[in-house]
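J.: Could you work out the structure for the sequence below:
(chains A and B)
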Amino acid sequence: MELIVTEKDNAARRIAEILSEGGHGVERTNGVNIYRWGDTRCIGLSGHVVGVDFPPEYSDWRNVQPVELSEASVVKTPTKENIVAALKSLARDADEAVIATDYDREGELIGKEAYELIEEETDVPIKRVRFSSITEREVRDAFANPDDLDFDLAAAGEARQIIDLMWGAALTRFLSLTAGQLGNDFISVGRVQSPTLKLIVDREREIQAFDPDDYWVIYGDLAKDDEAFEAQYFYEGEDGTENERVWNEADADAADEDLRGATSASVESVRRRTRTDDPPAPFNTTQFIRAAGSLGYSAQRAMSIAEELYTAGWITYPRTDNTVYPEDLDPEELLETFADTGAFGEDAASLLEQDDIEPTEGDEETTDHPPIHPTGEIPGRQDLGEDEWEVFELVVRRFLATCAEPATWAHLRVVATANGRSLKANGKRLVEAGYHAVYPYSSASENFVPEVEEGDDLDLSGVRLEAKETQPPRRRGQSRLIETMEQMGIGTKATRHETIQKLYDRGYIENDPPRPTGLAMAVVEAAEQFADHVTDEAMTARLEADMDAIAAGEKSLDEVTDESREMLQRVFEDLHEHREEIGDFLRTSLKADKTLGPCPECGDDLLVRRSRRGSYFVGCDGYPDCEYTLPLPSQGEPTVTDEVCAEHGLGHVKMLAGRSTFTHGCPLCKADEADQTEDRVIGTCPECGAEDGGELAIKQLRSGSRLVGCTRYPDCDYSLPLPRRGDIEVTDDRCGEHDLPELLVRDDEDDDEPWELGCPICNYAEYQERQAASAIEDLDGVGAKTAEKLAAAGIESLSDLSSADPETVAGDVQGVSADRLRDWQAEVTDTEAAD
DNA sequence: GCAAGGTC
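T.: Below you'll find the predicted structure:
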């Protein structure tokens, strides 16, 4: 039997389709697909199926000096046990094996991992085939001319694994131990995340150090025969440059006065130009994330939707650096598949009318995957959720745009003078829409300036002077960060968005665009001072050079890792010398992040603390001498914002909880408010009203939350949640079923109609139903489509999911593996634990 | 429990 191993299931299936000429079967064992035809079996891995780690004796952080990790060995252990087991079992029956993983460095390493697993079972020959895209011709060619595995290239990848683990683990442990941050809140650093964090911190430093300058600009309205347009004052600088900003007020006032004194302006010059604006290059991952970002999707969300569209077969592989369509892609043929669809038919047809179709090309051409484009399998609108459709449409329209003509713009620049002062206007008109006709995402806004001629007299009115100040540099958004990472050469197409997410999860950044926390500022500063390699992007550049040398056979794996070990040991000399200083510095800034202000009882600092049960509260730094506390909401992770309560001098608290993040405000104000609010009885408690006379009342809690609860609390803990914001009004209408009044919620902050919350019992029941339906879709990587497939298999709520057997589900639901299901189950457990 | 890189 011949055994073929690919990097992923999708590749295994397509290779089976090609080599078997359609006549293949598939059997699913342990959640792994095995494709079979004739005497051949083909299995897809799931990327790396083994991982690197230190031997177990290094696993206790407290019993190992972090520097010892620089000399520790590194062992490989299976991480995807079901796939490893399936591979090994196939290997036992094989007469020969062929490694057909992706044609890149990581693919060679994944191939070597498979090679070693097979070798543990048998000594049959193991060959390697390489193809740059899974097309009939390339795959047949590759299998007709098998090669050997490139062990040098795989060793280059292994060097990266070892160096990343050693530096990351040793420095992460050192900083965490030194700052006393063990457990969930450890302080992590690494070759990719730390330079990325430094990028964010450096920008924040520029913003903090920014000193704004005042300047003035002057606008006026010009008109020719009632056609009005806006013009801006400018003057020539000493070096002949054109300036719009006036840097002192007296000069600005003088210019303003001159212009106000005029009622007309004379046209000095008119310049007309034609400009073309080329269609965009095909999508690589970074540019896709950027375009999705401008539609409002986070990098993580965009990739998660793309993954889903890929798994369903609507778009190609979403992780790619390539911006050049491969030769075997026939754009005309692909356009034709869209020609008779309702959504894209007209646009595709208009492109097919062009004389010839020559798609655009970007700068980067790689061999592993094509740029992201639609496959030609087209879903109906009802097959996808709203977001999925929007992203699919983006990918389709990008493809259409790359096949379209450039746009043509007519530019018209007019300069006029009045009282010796110059005014200018720049007009812009789209003459040929070109690709803009099929790609509405890039700006095609026009600016109207009428046709005027030199010497024309124009009416001048509405002269206005505006005082402004220079702005600090702007924070980079997620997609801008990913672009910058790409330019710096750190991370990969598949990991850059995950790195950003990791920084959020680790408490290093918050908000969008991300801004660094105090902890992040401190960690970057400490690393820069004492271990600057880890925040320096040059570390990656050097690693890349070393990996190239290993791949070329010029250096050995051991030479490179030994050099790296020594380098790390030198870093530790410095770290050890300044251990106390580093610890104090990190602890101080960690405390500052959690400090709200003075304790009203003793004047010491009030801090956000965590109880033994894991819930957050506000407590005094003077504990146990001072036992003052204030409660916090139970949902989310608290952070202290810059805003300070005028009455109590305490920082406002914001609760971070993903999409349901909310501002809690001053916790002392909230507690006072609750103390001053009387319970409003609205009816009888359905639990204990009949027996014990319990009543239901609207209550405001000191933690800021509101609920309808039993007056016999804590003897009876019946309760229904109420919204945090808005005034709650008890109406005279009553619910027939529960004999409770209907409630209205009025929110001062919006002028909308009040929200008819209705009977609180009915409302809560409806809320729970909605939650169950949407909760599955909130899991990482689950979209409308997958949720639908899971529902078809009987999984409609989180509790259905938790109690499901992963192997059974993997067998029932196409595109969902047992491992993936286990990930979701873990996610559900984590969220429940956090709640 | 540490990293970063595949994959889902």
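J.: wait, what's in contact with A:Thr588?
T.: A:Ala522 (C-beta atoms under 8 Å, 6 or more residues apart in numbering). For the C-beta atoms, the positions are set from N, CA and C on the backbone; glycine is no exception.
J.: again, only using 10 Å
T.: By C-beta atoms under 10 Å, 6 or more residues apart in numbering, the contact set of A:Thr588 is A:Ala179, A:Gly518, A:Ala522.
J.: Look up which helix or strand it falls in, please.
T.: helix A:579-594 (DSSP states H and E).
J.: In a markdown table: the contacts of A:Thr588, plus secondary structure.
T.: What follows is the contacts of A:Thr588, written out as a markdown table (DSSP: H, G, I helix; E, B strand; the rest coil):
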| residue | secondary structure |
| --- | --- |
| A:Ala179 | helix |
| A:Gly518 | helix |
| A:Ala522 | helix |
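J.: these two touch, right, A:Val523 and A:Ile509?
T.: No - contact criterion C-beta atoms under 10 Å: A:Val523 and A:Ile509 do not qualify, at 11.5 Å.
J.: Between the two, which contacts overlap?
T.: Joint contacts of A:Val523 and A:Ile509 (C-beta under 10 Å, 6+ apart) are A:Leu197, A:Val201, A:Pro516, A:Thr517.
J.: Mind putting those residues into CSV with secondary structure?
T.: CSV is the format used below for those (three-state DSSP):
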residue, secondary structure
A:Leu197, helix
A:Val201, helix
A:Pro516, strand
A:Thr517, coil
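J.: Return the member of those nearest to DNA strand B.
T.: A:Leu197 (9.3 Å; C-beta to the nearest atom of the strand).
J.: I'd like to check which residues are in contact with that closest one.
T.: So A:Leu197 contacts A:188-190, A:499-500, A:502-503, A:506, A:508-509, A:514, A:516, A:520-521, A:523-524, A:527, A:535 (C-beta under 10 Å, 6+ apart).
J.: Which ones among the residues you listed lie within strands?
T.: Members of the contacts of A:Leu197 lying in strands (criterion: DSSP state E): A:Ile509, A:Pro516.
J.: and the helix holding A:Thr588, average pLDDT?
T.: Averaged across helix A:579-594, pLDDT comes to 92.
J.: Flag every buried residue along that helix.
T.: A:Ile582, A:Gly583, A:Phe585, A:Leu586, A:Ser589, A:Leu590, A:Asp593, A:Lys594 (16 or more other C-beta atoms under 10 Å).
J.: distance from the centroid: which residue in chain A tops it?
T.: Here chain A reaches farthest from its C-alpha mean at A:Gly455, the gap being 55.2 Å by C-alpha atoms, centre = their mean.
J.: Tell me the spatial nearest neighbour of that residue, not counting adjacent residues.
T.: A:Val267 (6.2 Å; C-beta to C-beta, 6 or more residues apart in numbering).
J.: contacting residues around the one you found?
T.: A:222, A:224, A:414-417, A:423, A:452-458.
J.: Distance of it relative to DNA strand B?
T.: Plainly put, A:Val267 is 58 Å away from DNA strand B if you go by C-beta to the nearest atom of the strand, to the nearest Å.
J.: So in terms of bridging, what pairs with that residue?
T.: A:Ala416 (DSSP bridges).
J.: and the gap between it and A:Glu446?
T.: Distance, A:Val267 to A:Glu446, by C-beta to C-beta, to the nearest Å: 21 Å.
J.: Repeat that for A:Glu695.
T.: In terms of C-beta to C-beta, A:Glu695 sits 66 Å off from A:Glu446.
J.: ditto for A:Asp717
T.: For A:Asp717 relative to A:Glu446 (C-beta to C-beta), the value is 63 Å.
J.: A:Gly111 now?
T.: From A:Gly111 to A:Glu446 the distance is 54 Å (C-beta to C-beta).
J.: more crowded one of these two?
T.: A:Gly111 (28 against 11; other C-beta atoms under 10 Å).
J.: A:Gly47 is in contact with that one, correct?
T.: No - A:Gly111 lies out of contact with A:Gly47 (C-beta under 10 Å); the separation is 11.6 Å.
J.: shared neighbours of these two, anything?
T.: Joint contacts of A:Gly111 and A:Gly47 (C-beta under 10 Å, 6+ apart) are A:Glu7, A:Thr101, A:Asp102.
J.: for the second one, what are its contacts?
T.: The one in question is A:Thr101. A:5-8, A:11, A:44-45, A:47, A:107-115, A:128-130, A:149.
J.: mind showing which ranges of the stretch 651-800 of chain A have poor pLDDT?
T.: Counting by pLDDT under 70, the stretch 651-800 of chain A shows low-confidence ranges at A:658-660, A:748-752, A:769-790, A:797-798.
J.: just the strands in it please.
T.: In the stretch 651-800 of chain A, the segments counted as strands under DSSP state E, counting those that start in this stretch are A:651-656, A:662-665, A:680-684, A:695-700, A:706-710, A:719-722, A:727-734, A:741-746, A:755-758.
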